[in-house]
Structures are given as structure tokens and as C-alpha cells.
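> next input, structure requested:
(chains A and B)
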Protein chains: 2
Amino acid sequence: MNLILLFANDVWSGTTCFLANGRRTDHIRSVLRSSIGDSIRVGLYGGAQGSARVEAIDDSGVTLSVQLTESPPARHRFDIVLALPRPKMLRRILRTVAEFGVSNLHLINSARVDKSYWQSPLLSQAKLSDALMAGMERSQDTIAPVVHCHPRFRPFVEDRLSLICNGRPCWITDRGAPVALSQTPAAPAVVMIGPEGGFVPFEIELATRVVAQRVHLGERILSVDTALPSVLAQGLDVD
Amino acid sequence: MNLILLFANDVWSGTTCFLANGRRTDHIRSVLRSSIGDSIRVGLYGGAQGSARVEAIDDSGVTLSVQLTESPPARHRFDIVLALPRPKMLRRILRTVAEFGVSNLHLINSARVDKSYWQSPLLSQAKLSDALMAGMERSQDTIAPVVHCHPRFRPFVEDRLSLICNGRPCWITDRGAPVALSQTPAAPAVVMIGPEGGFVPFEIELATRVVAQRVHLGERILSVDTALPSVLAQGLDVD
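From the prediction side, this is the model:
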């Protein structure tokens, strides 16, 4: 946790926030080892960030005096469309998109997505939020990516994809594509990443017919949990 | 497994290779669902790769007729120096460096590396090999990264780092550095990645005094398992 997330439904009194005992107070006590008077980095979930002075630490929780003066960091310039990964990998995927500050993650079906993955309890709103917050706490972000689920490939591509792109280019990762993602213009875009084994030819064909353009990530076959940060690293804006 | 790794100590007779029952034959039977006469992709560990014809499948194993005609894919242009991650993350880290075809991975100590990590059974040669092979099988590589362990930071930096670099630039990742890794020349290099929480100032100072130059990976704090593929993605050669 490089930032403690505060919530509108914590116990507020003006700019004073009381955190009842839990994961955050454990972190303040045991990792930060904060004492009264110390300053810690905080952010309001969905809002501004800044610092907080530790006012009290007692058996019931931690009281903070909060000053929120900074904007959250900039969002990543890519929205991501990703074939739903297996549950074991999904949690890390969610953390990664939150670390990079992706605005929208569209989880879609694909021929090589096991149907059972859509039944994962991790897709509940509460579990999704927990996994995203792990990334936000890491990268000091207060804005959560919005996760959209599209359990049918064809209606997603035919009816939704162009609307989602809304004029932005849509890159679909496909080994052997004629151009590398890193060679595309440094502009906002939507990037589609397939499942382990890749999109099947029909899917590539349909997506490119509608809006997508094929790009590659180098000559090697990469796992999804390697391909995703590779895509996001190549979309980092450099000043 | 996008390639079945064969070993010199498999049972060879000329170009015929017998695979005794195990993980590879399970894959041939259950995932590839190969029949006699089918061709599968194979590679000799440490050597060339090509195809094999399935000659026999019986209770004891699978017999292949092997043709090794292709060179392994090119190596990545970065060697990686990485503060030893926690064991849970190390296995994935090893897979990632193998997927990208890194030639050398130097695992080093750092102030923020828990001493207990050096006791991980995963650091045994056999376990390291297994974890690396998972990446090689993924990316169709037959060359394993060489993993070097350096359990003392200062002697590593003072006595070894310049020799390892051998004239190549050495980039050390440090948030707030004046230049981005992606802005550095597309040439062979050694890249140092810190532990969760980053290198401490003394470590940055010592490394830069000896040979390293500070680079950043964007404005955000990234987890080690996100930072590593980000570094490697930014070092991909694009034709």
C-alpha cells in the first residue's frame, strides 16, 4: 500500500476520518508503524488525494486528519479488451490494469475461453473491486478501472466495439501481424488481447472487418499475463 | 506448451526419440490429441528446433521421429539484474524472462529483500529449470536463461557489475529518474530492477557511481511482476 484509500462511507467528521480496525489500520500499525503526528499518504476512492496526519491510534481504530489537495495521476491512453482469463490469472490481471491506470477493461468471450471462467466468483462486483484496489494502492491511484463483461463475442464485436472505440483506433494483437504495436501512433486507442492460444481466425477476421487493425508484440508467443503489461508498457506516455 | 522440449538424455536412437510417460506425453495425448502420423513442434533443449512425426503411442510412452532444422529465436537484447522477489512471485518472474528470451538473469540482494527469500527451495537448480521451461515451452524457445544468484549487494555492484556490463550501458530503474527507459538507444544493455518498494538511495548511489544510469518506467509505482515485463516489452526489437 503506497496510498491508503479512504471511502465516502468511512466515518467522517469534517476533514477527520476514523478508520475502524481492518486491513488499512493493520497496515498503518504494522507496516508503516505510524505514530501520532505522522503524515501518511491517502486518497479518496474516486476522488482527490493528499496526506493525512495520524491523530489517534486506539483499540478501535485510527483517526486521521485529512487534506486532499492533489488530482489523481493521469489515466493510461489505452482501453483494454481482453479475452476472459482463467480465474487464477484474473486477479493479477485486474491488479495490473489498475496499476497502469486503465480507464476501461472489457472482458470478452472467445472461442478459447473456457465457459466455466464466466462462473468465477471473482467476477462479482465486490471481488473485482478488491482486486482493483490492490493495484490502486500500489500505484497511488484513486480511480478504479471500470470493468465490463461481455459474455458473447459476436454481439460484442458487431454491436459494441465501434461504439466503444468512438473514433479511436482499435488494435488487435495477432502474432505475425504486419506492424508492431510499438510502431503505432502514440494516441488514445483500444487494444484487444486474446486468450492463451490467441484469437481464432474467425475472431480476427470479424474484428478487423468491423474496426480493428492487427498488430504484433514481437515474434514470441507470450502468456496473457505477460502480453498485458507488455501492451500497457508500450502505451506509456513519455514526456 | 507450444513446443515439446526434448533432452539429450531422452531415449534416442538416431533421429528417433522415445518419451517415457510424463508431462510431455500427457500433453501430446490430452491437449494436442495427437495420432500416429501427426506432426508436432519440438526442440532440443539448448539446441535446434523443428518438427517431429508421431510414430507410436503406447502404454509406456510416445515415439517421435525428429527433424531439427531451425535455429532457436533470437535472444532479448537486455540482461536483467533483479532484486530477489518473494518466492510466490519468483516462479512467474522466471517464466517471464524465459518467455522473452533473456540470456542472463542476475538475482541480487537489496535492503528491501527479505533474507528468508534466499532460502526458497525454488532457487535449487532443478526448480529453476522447471520454472524456466514453462516459459520456453510457451514461447517456443530451446535456450534457457542462465540464472545467477548474488546474495550480497555491495560486492555484486563493486566487483561484478562492470564485468557483467562489459561495455554495455547499465540502466537502473528509479521512479523520478530524468529519462525513460523507452527513450534510451535500442542497443544491448543491462537493466536493474529493484524490489517492491524500490532500491534504497544508498543502492542507487553505489550503482550509479560504478556504472549504472537512472531511468524511469513512467510516473507510476509498479509491482515487480509488472515492472519486469514492462522493461522487457520496451526492449523488444522491432523490424
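
> rest of the way, CA atoms for contacts and neighbours
Fine.

> quick one, helices of chain A?
Ranges of helices in chain A, per DSSP state H, are A:23-26, A:87-99, A:125-139, A:153-155, A:161-165, A:201-210, A:224-234.

> in CSV, list these along with distance to chain B.
Converted to CSV, the helices of chain A look like this (distance: least, Cα to the nearest Cα, whole Å):
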stretch, distance to chain B
helix A:23-26, 18
helix A:87-99, 6
helix A:125-139, 5
helix A:153-155, 24
helix A:161-165, 24
helix A:201-210, 18
helix A:224-234, 5
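
> mind putting those helices into a markdown table with mean pLDDT and mean neighbour count?
As requested, the helices of chain A are arranged in a markdown table below (pLDDT from 0 to 100; neighbours: other Cα atoms under 10 Å in any protein chain shown):
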| stretch | mean pLDDT | mean neighbour count |
| --- | --- | --- |
| helix A:23-26 | 96 | 16 |
| helix A:87-99 | 96 | 22 |
| helix A:125-139 | 95 | 20 |
| helix A:153-155 | 97 | 15 |
| helix A:161-165 | 97 | 16 |
| helix A:201-210 | 97 | 15 |
| helix A:224-234 | 95 | 23 |
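
> now render these as JSON lines, adding distance to residue B:203.
Formatted as JSON lines, the helices of chain A follow (distance: least, Cα to Cα, whole Å):
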{"stretch": "helix A:23-26", "distance to residue B:203": "29"}
{"stretch": "helix A:87-99", "distance to residue B:203": "25"}
{"stretch": "helix A:125-139", "distance to residue B:203": "22"}
{"stretch": "helix A:153-155", "distance to residue B:203": "49"}
{"stretch": "helix A:161-165", "distance to residue B:203": "44"}
{"stretch": "helix A:201-210", "distance to residue B:203": "47"}
{"stretch": "helix A:224-234", "distance to residue B:203": "25"}
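
> quick check: residues of chain A near chain B?
Residues of chain A lying close to chain B by Cα under 8 Å from any Cα of the partner chain are A:96, A:99-100, A:138-140, A:180, A:182, A:218, A:220-223, A:226, A:229-234, A:236-238.

> to residue B:202, which of the helices of chain A lies closest?
Residue B:202 lies closest, by Cα to Cα, to one member of the helices of chain A: helix A:125-139, at 22.9 Å.

> how far does the closest one sit from its chain's centre?
8 Å (Cα atoms, centre = their mean, to the nearest Å).

> repeat that for stretch A:78-94.
Stretch A:78-94 sits 9 Å away from the centroid of its parent chain (Cα atoms, centre = their mean).

> list of residues touching it?
If you take Cα atoms under 8 Å, 6 or more residues apart in numbering or on different chains as the criterion, stretch A:78-94 is touched by A:102-110, A:113-114, A:117-118, A:120, A:122, A:128, A:131-132, A:135, A:188-196, A:224-225, A:228, A:232, A:235.

> filter these down to just the buried residues.
Buried members of these, scored by 16 or more other Cα atoms under 10 Å in any protein chain shown, are A:102-110, A:113, A:117-118, A:122, A:128, A:131-132, A:135, A:188-196, A:224-225, A:228, A:232, A:235.

> so which of those residues sit within strands?
Among the buried ones among the contacts of stretch A:78-94, the members falling in strands (DSSP state E) are A:104-108, A:189-193.

> turn those into TSV, columns for pLDDT.
Converted to TSV, those look like this (pLDDT from 0 to 100):
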residue	pLDDT
A:104	98
A:105	98
A:106	98
A:107	98
A:108	98
A:189	98
A:190	98
A:191	98
A:192	98
A:193	98
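
> in the residues you listed, find the pair that's most separated.
Of all pairs drawn from these, the greatest distance, 17.3 Å, lies between A:108 and A:189 (Cα to Cα).

> for stretch A:19-34, measure first residue to last.
The first and last residues of stretch A:19-34 sit 14 Å apart, counting by Cα to Cα, to the nearest Å.

> what residues of it count as buried?
Neighbour counts over stretch A:19-34 (16+ other Cα under 10 Å) mark A:19-20, A:24-25, A:28, A:34 as buried.

> show me what contacts residue A:63?
A:16-19, A:54-57.

> show me which of those are buried.
Judged by 16+ other Cα under 10 Å, buried ones among the contacts of residue A:63: A:16-19, A:54-55, A:57.

> ok, so of the residues you listed, who is nearest chain B?
Using Cα to the nearest Cα, residue A:54 comes nearest to chain B of the buried ones among the contacts of residue A:63, at 22.0 Å.
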